[in-house]
Structure formats: C-alpha cells, structure tokens
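# Turn this into a structure:
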Amino acid sequence: MSKFGFVTCVELGLSCMKAIYSAGGELSLAITLKDEQAVEKSGRVYIDEFCEDRSIKLIKSSHVNNEEVINSIKQAGIDWLFIIGWSQIASKELLDTPKKGVLGIHPTLLPIGRGRAAIPWAILKGLESSGVTMFKLDEGVDTGPILSQIKIPLDERESATDLYKKVNRAHISLMEKAVPQLLSGEYKLSIQDESKATEWPGRKPEDGLIDLNGSVMNAEKLIRAVTHPYPGAFFIKGRKKVIVWSAEMTDEEPQNCIKFFDGTLKMTDFEVIKFEQ
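Take a look at the predicted model:
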C-alpha cells in the first residue's frame, strides 16, 4: 500500500486529509507550520488533534524545504506527498524526496489558468466553466502532469463567494477520487498540452478599484469577482472608501446606486470606511 504524507496549514487542507481517510487511505506523516506562524492567515488551522487521534507523526517547521522535513519524509518512506493550501514553493530536493512524487491541486482546468488568483480571473474572463486539477508538481508553475480533474460550470451571476465554496467541495471530491487510484497503482498521469496553456497574473487589493468612467457591466463583473473572501471592489468618494460586496444592474435610480455612462448599479451590500482627517 502506498504511504501518504500531507503538508498543510489551512482548513481546506484538513478537509482533504479527512477525505483521504473516507476514501480508504491513511497518512503516515503530516507537516505544518510552527504554531506562531501565519496566525492571521485566512483559514489557518492546527492539525495536532487530527494527527494525535490517528497516530500520524506531525512535524512543525518554518519552511517545507527545511532539512528536518526532507529527513522526516525519507524516514517515513513516503510514496506520495500532498501539498494543499501552502504558499511556500517546494524545492527540487523536496519534489524528489517522496518515492513517487508530490501532488498538488490547482483551482482551474489546467493547462488553462496557471498562476494565481484563479477564482477572480475565471469570473472576470466570463468563463462558462472552470474546475480543479490534481497534478504532480514539477519545477514549473502548475506545469506538471495531470492525475485528475473536475469541471465546474459557472453561471452568468457567479460570485467569488459561491465559486470559492464549489472549488473547496471539488478539492474533497478530487481527493476521494484519486486516493483509490493511488492505492491500487491504477492511475494515469497525462502531460499538459502546452498549446492550450495560459497563465494568469496575481492580483492586488488595489486592482479592485471600480472605474466610474467605465462600463456598468465591467463594474458589476468586478464586484462579483473580488467579493468575499477577497478584499472587495471599491471606489473613493470624497474622504470615504466605499467597498461594494454585491450589486445589481437596474433601470431605476434608487438610493445607494452607482451611475455609469451606460447604466446604473444598485449596491445591495456595501460598507463605508471614512479616512482619518
């Protein structure tokens, strides 16, 4: 039976760890950050109790590439190492340490959408579908061979909040699908088609600035793309910053609306932050 290891420090990773057990697998090793690291990171969790209940050896390290991590993987004889919800880049030495490799999950249908900010970009680009991909990590950015994918249809009113939830559920489904394949050895890794590859850049909070001189449709799309759990779309009015969490197009001119040259948006959820004098 293949021996699995897992690297994570976020809730989604813990959900995937649980999915390994529900799919009939088990973990021989878990790696997470030291307790004092990333305490304000969104979704940060501590996996001590989960590991203790299942007698999983737990290593806490400041960096996944540290020697103590490499040695623990070797000593445990790990075949496959999962890295989920982890921002540190794995070194070649780490990638080469598990006997069969390192697996990650990316929230697009690779090779489309390599890079960052996958959920906002899927909405901004008006895609009809997106998905999640489990793949074997190599030294490139999301370039490794694909083990499995799940497609997620998007509707015209898809928000980042809804898509984020769908992507998280798909992570768990993908894990439950992949574990039996890895345990039996009956899996196939498919090389990515470079002719179809695209790469999406990272996004910063200031990229959420609404262009009040632009199109109402672009503004509405931006609001859906960067709403919770992202920093939100916004505009500046005098000494106030208005963050718009949701809005809808209207033919009327209600209170709390934003007017554009080609239409009007009614703000249905927003907050106002006053700048200090």
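# check contacts around residue 215.
The neighbourhood of residue 215, defined by CB atoms under 8 Å, 6 or more residues apart in numbering, consists of 260, 261, 262, 263. C-beta: built from backbone N, CA, C; applies to glycine.
# Derive a ChimeraX selection command for the buried subset of those.
The ChimeraX selection below is limited to those of these classed as buried (16 or more other CB atoms under 10 Å):
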select :260
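# Out of the contacts of residue 215, which two sit at the greatest distance?
261 and 263 (8.1 Å; CB to CB).
# Which of the contacts of residue 215 fall in strands?
260, 263 (DSSP state E).
# Need the three-state assignment for the closest residue to residue 193 other than its chain neighbours.
Excluding its sequence neighbours, the residue lying closest to residue 193 (CB to CB, 6 or more residues apart in numbering) is residue 111, at 6.0 Å. Taking DSSP: H, G, I helix; E, B strand; the rest coil as the rule, one finds residue 111 in the coil state.
# Also residue 247?
strand.
# what sits up against stretch 217-227?
119-121, 123-124, 126, 157-161, 203, 207-208, 210-211, 232-233, 244-249, 258, 260, 262-263, 265.
# and those, which are buried?
Buried, going by 16+ other CB under 10 Å: 119-121, 123-124, 158-160, 203, 207-208, 210, 232-233, 244-247, 258, 260, 265, out of these.
# After the helix or strand harbouring residue 174, which helix or strand is next?
Using DSSP states H and E, residue 174 sits within helix 160-184. Remark: after helix 160-184, the chain's next helix or strand is strand 199-200, criterion DSSP H and E.
# Counting neighbours, what do you get for residue 212?
Residue 212 has 13 neighbours, counted by other CB atoms under 10 Å.
# Pretty sure it sits against residue 258.
Yes - contact status for residue 212 versus residue 258: in contact at 7.1 Å, counting by CB atoms under 8 Å.
# got any residues that touch both of these two?
residue 235.
# picking that back up, other SSEs contacting the helix holding residue 174?
If you count contacts as 3 or more CB pairs under 8 Å, 6 or more residues apart in numbering; DSSP states H and E, helix 160-184 packs onto helix 11-22, strand 101-106, helix 118-124, strand 129-136, strand 146-153.
# Using JSON lines, lay out the ones you listed together with mean pLDDT.
JSON lines is the format used below for the helices and strands packed on helix 160-184 (pLDDT from 0 to 100):
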{"stretch": "helix 11-22", "mean pLDDT": "95"}
{"stretch": "strand 101-106", "mean pLDDT": "97"}
{"stretch": "helix 118-124", "mean pLDDT": "96"}
{"stretch": "strand 129-136", "mean pLDDT": "98"}
{"stretch": "strand 146-153", "mean pLDDT": "97"}
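# Would you format these as CSV with distance to residue 54 included?
Below are these laid out as CSV (distance: least, CB to CB, whole Å):
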stretch, distance to residue 54
helix 11-22, 7
strand 101-106, 20
helix 118-124, 31
strand 129-136, 22
strand 146-153, 24
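# Quick one, which of those gets closest to residue 176.
helix 11-22 (5.0 Å).
# Show me what the closest one is packed up against.
With 3+ CB pairs under 8 Å, 6+ apart as the test, helix 11-22 has strand 4-7, strand 27-32, helix 48-53, helix 160-184 packed against it.
# for that helix, the distance to its chain's centre please.
Its chain's C-alpha centre and that of helix 11-22 lie 15 Å apart, by CA atoms, centre = their mean, to the nearest Å.
# buried stuff in that helix?
Buried-residue list, helix 11-22, by 16+ other CB under 10 Å: 12, 13, 14, 15, 16, 17, 19, 20.
# Just name the closest of those to residue 26, please.
Distances from residue 26 to those, taken by CB to CB, are shortest for residue 20, at 7.0 Å.
# How much space separates the closest one from residue 224?
When distance is defined by CB to CB, to the nearest Å, residue 20 is 33 Å away from residue 224.
# pLDDT below threshold where in this protein?
For the chain, the stretches with pLDDT under 70 are 277.
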